[in-house]
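Asks: Next comes the sequence, and after it the predicted model I'd like to discuss.
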Amino acid sequence: MRTTVALAAAAALLALTACGPSGGGAKQRGDLGGALTVFAAASLTETFTAIGEDFEEAHPGVEVAFSFAGSSSLAAQIDQGAPADVFAAAAPANMADAVDAGNAADPEAFARGRLVIAVPEGNPEAITGLADLTDPGLKVALCAEAVPCGAAALTALDAAGAALTPVTYEPDVKAALAKVTLGEVDAALVYRTDIAAAEGVEGVEFPESEAAVNEYSIAVLTDAPNPAAAEAFVSYVRSEAALDVLADAGFQAP
Amino acid sequence: MTVDPIARVRRPRGVPLALLVPALLGLAFMTLPMVGLLLRAPWRTMPRRLAEPEVLDALWLSAVTATAATGLCLLLGLPLAWLLARVEFRGRGLVRALVTVPLVLPPVVGGVALLLVFGRNGIVGSLLAETLGVTLPFSTAGVVLAMAFVSMPFLVIAVEGALRGADARYEEAAATLGAGRWTVFTHVTLPLVAPGIAAGAVLCWARALGEFGATITFAGNFPGRTQTMPLAVYLALETDLEAAIVLSVILLAVSVTVLACLRERWTAAP
């Protein structure tokens, strides 16, 4: 009995190791293949998942895996040697970090995002602009300053001259939005696109968001394990088809 | 065949290599990351960084909340451990299993669950808000609650173990001499298992100190109010790696100190 288990385990191990090379083995000339790891800003979760599926369809040999998180966190992970091929950041500052550290080169802008005020469906607190958020009776969630949505929120609040003390600085935009969805805060500053992707919330536009438009950029990483597929993915993101997906989700063209 | 006396000295009592090698690998695996942290630590700027108000705020908040959480765990966990160890009732196995759930539950899940119950719209939370005007999320009390939720099992399990190991005859003797159950508990049981309670409380405190997932989910992140040390490490990692390392070294130092306090108990274990 014991031997059978051991044999089965050994067979499973063999099968696993056999999978490794065959996954990358499809790399023939002109033919893309293998695994492609994309680190993308949390606000790109829905659009990039869809774009990734389209890309896989166009290149059947490639398997795209995403890691969505706050742009600053992703930049830090890349700097620590995370094995990623592509980095898509929500703000130029985070991309600049990666470029300055020698981890990426020649980033290209592919979309712009604007902030809105996320409120529960029906806008129960009747919020119409940033000034309403300074009401001390309201609970507001912002992103941490290190993440693009947090930096943009500060810029917008500065532009509006609104002194706002949030109850929490969330580590990424989806976490901030989740606090609204759960009803734990009355409002949060998130991207317009995050609203489109969520249920039970709606967005209130405000003029000062013009001052804090985020430019999304994408780049192939210097140490990309699969540079050919990475190049192809970056050009695909800037293709007409992908830009349509982004526009449908509420992003603006770069 | 004669046994080489030197080989006997090198491998006392003939520890088989098949066990010794993985054991040493395991030891290296567990200690190397800590060594790496210490090697990378910016020792020269350490005193200055330690004096930064954000660091002191996070450290102070962590110490206060972890202590409060341990207090809450003692208040609720001691009686629970006693119940599990001393009272026969139907479903005791189930209760014990429920108590240990937070041990295996990912803390983030614990945080979400806490939000659903103690959040503004939660079953208990909405009641608290209506009757007392108290809201727990995003407050220091929320941090304590999140910490207590994840660290309570450590206390209950440690104390229950101590109670089961304690000689029940002292309690029986006290009872035959006319002491009620409460008197027996306070005058015989508690002193008898005091070392076990202390060890459980220290473990509970250490777990609370390291709490991250449930805290950031339930209590959010606000400097000085809910930003404990682990949250500060996580956010510093994104902007200032050195600051993150400094904070990590502090947490490591605290953890090692806690272990040193427990050393006697652990090395004395049979």
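Replies: Good, I have the coordinates.

Asks: where do the strands sit along the stretch 1-150 of chain A?
Replies: All strands of the stretch 1-150 of chain A, identified by DSSP state E, counting those that start in this stretch, fall at A:34-41, A:62-69, A:86-89, A:108-113, A:115-120, A:140-143.

Asks: Please save the CA atoms from the fourth one in CSV.
Replies: The one in question is strand A:108-113. Presented in CSV, the C-alpha positions along strand A:108-113 are these (Å, rounded to 0.1, in the frame of the first residue of the first chain):
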residue,chain,number,x,y,z
GLU,A,108,3.9,53.6,-23.2
ALA,A,109,0.7,55.3,-22.1
PHE,A,110,-2.5,53.4,-23.0
ALA,A,111,-5.4,54.9,-21.0
ARG,A,112,-6.4,57.7,-18.7
GLY,A,113,-8.6,57.3,-15.6
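
Asks: by how many degrees do that strand and strand A:34-41 diverge?
Replies: 40 degrees (axes from the mean of the first three to the mean of the last three Cα atoms, to 10 degrees).

Asks: Okay, and residue 230 sits in which element?
Replies: All of this refers to chain A. When secondary structure is defined using DSSP states H and E, the element that contains A:Ala230 is helix A:227-237.

Asks: not what I meant, chain B
Replies: Secondary-structure element containing B:Pro230, defined by DSSP H and E: helix B:229-239.

Asks: Which elements pack onto that helix?
Replies: Secondary structure elements in contact with helix B:229-239, counted by 3 or more Cβ pairs under 8 Å, 6 or more residues apart in numbering or on different chains; DSSP states H and E, are helix A:71-79, helix B:53-86, helix B:213-218, helix B:241-267. Where C-beta positions appear, they are placed from N, C-alpha and C, glycine not excepted.

Asks: B:Phe118 is nearest to which of these?
Replies: Put simply, out of these the one that sits nearest B:Phe118 is helix B:213-218, at 7.5 Å, with distance taken as Cβ to Cβ.

Asks: quick one: contacts for whatever residue of chain A ends up closest to chain B?
Replies: Of all residues in chain A, A:Thr168 sits closest to chain B, at 2.8 Å by Cβ to the nearest Cβ. By Cβ atoms under 8 Å, 6 or more residues apart in numbering or on different chains, the contact set of A:Thr168 is A:141-142, A:179, A:185, B:138, B:219-222, B:226.

Asks: Just the element for the residue nearest the centre of chain B, please.
Replies: With distances taken as Cα atoms, centre = their mean, B:Arg207 lies nearest the centre of chain B, 2.4 Å away. When secondary structure is defined by DSSP H and E, B:Arg207 falls within helix B:194-209.

Asks: confidence score at residue 22?
Replies: No chain specified, so I'll use chain A. pLDDT, the model's per-residue confidence, is 38 for A:Ser22.

Asks: let's do chain B instead
Replies: Per-residue confidence (pLDDT) for B:Pro22: 95.

Asks: what does B:Arg263 give?
Replies: B:Arg263 is assigned a pLDDT of 69 by the prediction.

Asks: how about the strands of the stretch 1-150 of chain A in TSV, adding distance to chain B, mean neighbour count and mean pLDDT?
Replies: Shown next, in TSV, are those (distance: least, Cβ to the nearest Cβ, whole Å; neighbours: other Cβ atoms under 10 Å in any protein chain shown; pLDDT from 0 to 100):
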stretch	distance to chain B	mean neighbour count	mean pLDDT
strand A:34-41	13	24	93
strand A:62-69	10	18	92
strand A:86-89	12	29	95
strand A:108-113	19	20	92
strand A:115-120	10	25	94
strand A:140-143	7	29	94
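
Asks: rewinding a little: touching the helix holding A:Ala230 from outside, list them.
Replies: Identification of contacts with helix A:227-237 by Cβ under 8 Å, 6+ apart yields A:27, A:32-34, A:36, A:38, A:51, A:54-55, A:58-59, A:62, A:64, A:85-86, A:88, A:108, A:110, A:218-221, A:224, A:242.

Asks: one step back: would you mind giving the strands of the stretch 1-150 of chain A as a markdown table with distance to A:Val234 added?
Replies: Below are the strands of the stretch 1-150 of chain A laid out as a markdown table (distance: least, Cβ to Cβ, whole Å):
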| stretch | distance to A:Val234 |
| --- | --- |
| strand A:34-41 | 10 |
| strand A:62-69 | 12 |
| strand A:86-89 | 6 |
| strand A:108-113 | 7 |
| strand A:115-120 | 26 |
| strand A:140-143 | 26 |
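
Asks: And these: which comes nearest A:Glu202?
Replies: With distances scored as Cβ to Cβ, the stretch of the strands of the stretch 1-150 of chain A nearest to A:Glu202 is strand A:115-120 (6.1 Å).

Asks: Endpoint to endpoint, stretch A:103-121 covers what distance?
Replies: Between the opening and closing residues of stretch A:103-121 we find a distance of 42 Å, counting by Cα to Cα, to the nearest Å.

Asks: on contacts alone, who are the packing partners of the host helix or strand of A:Ala175?
Replies: Mapping A:Ala175 onto the secondary structure by DSSP H and E places it in helix A:173-181. With contacts defined as 3+ Cβ pairs under 8 Å, 6+ apart, helix A:173-181 has these neighbours: strand A:115-120, strand A:140-143, helix A:148-160, strand A:168-170, strand A:187-191, helix A:192-197, strand A:201-204.
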